[in-house]
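> Let's see this in three dimensions:
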Amino acid sequence: MKSKRLIELLQNLDPSGEINVTTGGYAITHVDRLEGYYDGPGIYLQDGRFVIDDQDDKIVIHTIDAEDFIWDEDGDYSKIDLKIRYGKEDRLKSFQKFSEDFKRFHKQSIEEHTFQVLKKIQEGYWICQHLSDRGKYWGIFYVKSGHDFKRENGRDIYKDCNENQQTLCQGDVMALKESGFFEEIESKDYIHWRLKLLAP
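All right, here's what the predicted structure looks like:
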């Protein structure tokens with residue numbers, strides 16, 4: 001379906017634009033225009049045919065269900081409003097169980113990844129992030145200690161950085177930021193993370 005047809009259908013159904021839109025049990029979070037190949041081909045109906053297309057641009061309507069929402073809220077389901085006539089208690093019990101499962105999994109994941117990060121430090125790796133990326137969950141990498149700096153494009157970078165660096169996986173980043181065992185130290189153009197128990 002073309003975007004202009006979708007807009008026409010929505011305007012015909014709700015000229016005021018005040019009715020909430022749902023997509024089969026999922027809430028709409030945002031809309032993107034993406035290249036056809038990005039994150040899998042676009043899928044749509046056109047002239048009675050089912051089309052799978054990775055060549056043409058597509059508009060993607062992103063959605064989220066209740067469990068993913070609870071996940072994104074770190075297990076907190078207090079922001080879910082149940083405006084339903086039947087089954088409210090059952091849904092609340094389901095959300096509570098998912099919340100408990102998430103918190104248990106999250107705690108276990110941080111513990112496991114903390115050991116992985118400590119193992120890398122023991123093997124002689126530094127954990128680094130450029131100062132311009134401070135506070136972000138990306139751009140954090142392991143690099144073997146002992147690498148010297150060189151100046152490039154007005155900032156310090158590690159020599160042979162591209163060959164020796166390893167990007168932290170999401171679990172390692174969570175352990176770094178949430179376990180409470182690591183602290184940030186500024187050095188030149190970088191942040192270094194170290195174990196808090198280590199001497200300066």
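> Give me the packing partners of the helix ranked longest in the chain, helices and strands only.
Longest helix in the chain, counting residues (DSSP state H): helix 88-122. Helix 88-122 is packed against helix 66-72, strand 125-130, helix 170-178, strand 190-195, with contacts defined by 3 or more CB pairs under 8 Å, 6 or more residues apart in numbering; DSSP states H and E. C-beta here means a position set from N, CA and C on the backbone, and glycine is covered the same way.
> Parallel or antiparallel, which strands does the last one pair with?
If I follow you right, that is strand 190-195. Sheet pairing of strand 190-195 (DSSP bridges) gives strand 125-130 (antiparallel), strand 182-187 (antiparallel).
> Would you mark the buried spots in that strand?
Applying a neighbour-count criterion of 16 or more other CB atoms under 10 Å, one finds 190-194 buried in strand 190-195.
> Save those residues as a markdown table, and put in distance to residue 133 too.
As requested, the buried residues of strand 190-195 are exported to a markdown table (distance: CB to CB, whole Å):
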| residue | distance to residue 133 |
| --- | --- |
| 190 | 10 |
| 191 | 8 |
| 192 | 13 |
| 193 | 13 |
| 194 | 18 |
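> out of those, who's nearest residue 8?
residue 191 (51.0 Å; CB to CB).
> hang on, isn't the closest one packed against residue 185?
Yes. If you go by CB atoms under 8 Å, residue 191 and residue 185 touch, sitting 7.1 Å apart.
> Residue 85 sits in which helix or strand?
Per DSSP states H and E: residue 85 is located in neither a helix nor a strand.
> For residue 167, name its beta-bridge partners.
Going by DSSP bridges, residue 167 forms beta bridges with residue 141.
> Which residues are in contact with it?
140-142 (CB atoms under 8 Å, 6 or more residues apart in numbering).
> Let's see that with 10 Å instead.
The neighbours of residue 167, taking CB atoms under 10 Å, 6 or more residues apart in numbering as the test, are 138-142, 173.
> Contact partners for the residue nearest to residue 121 when sequence neighbours are not counted?
Counting by CB to CB, 6 or more residues apart in numbering, residue 121 lies nearest to residue 195, which is 6.4 Å off, once chain neighbours are set aside. Shown in contact with residue 195 (CB under 10 Å, 6+ apart): 117-118, 121-122, 127, 181-183.
> Now with 8 Å, please.
Neighbours of residue 195 in contact, by CB under 8 Å, 6+ apart: 118, 121, 181-182.
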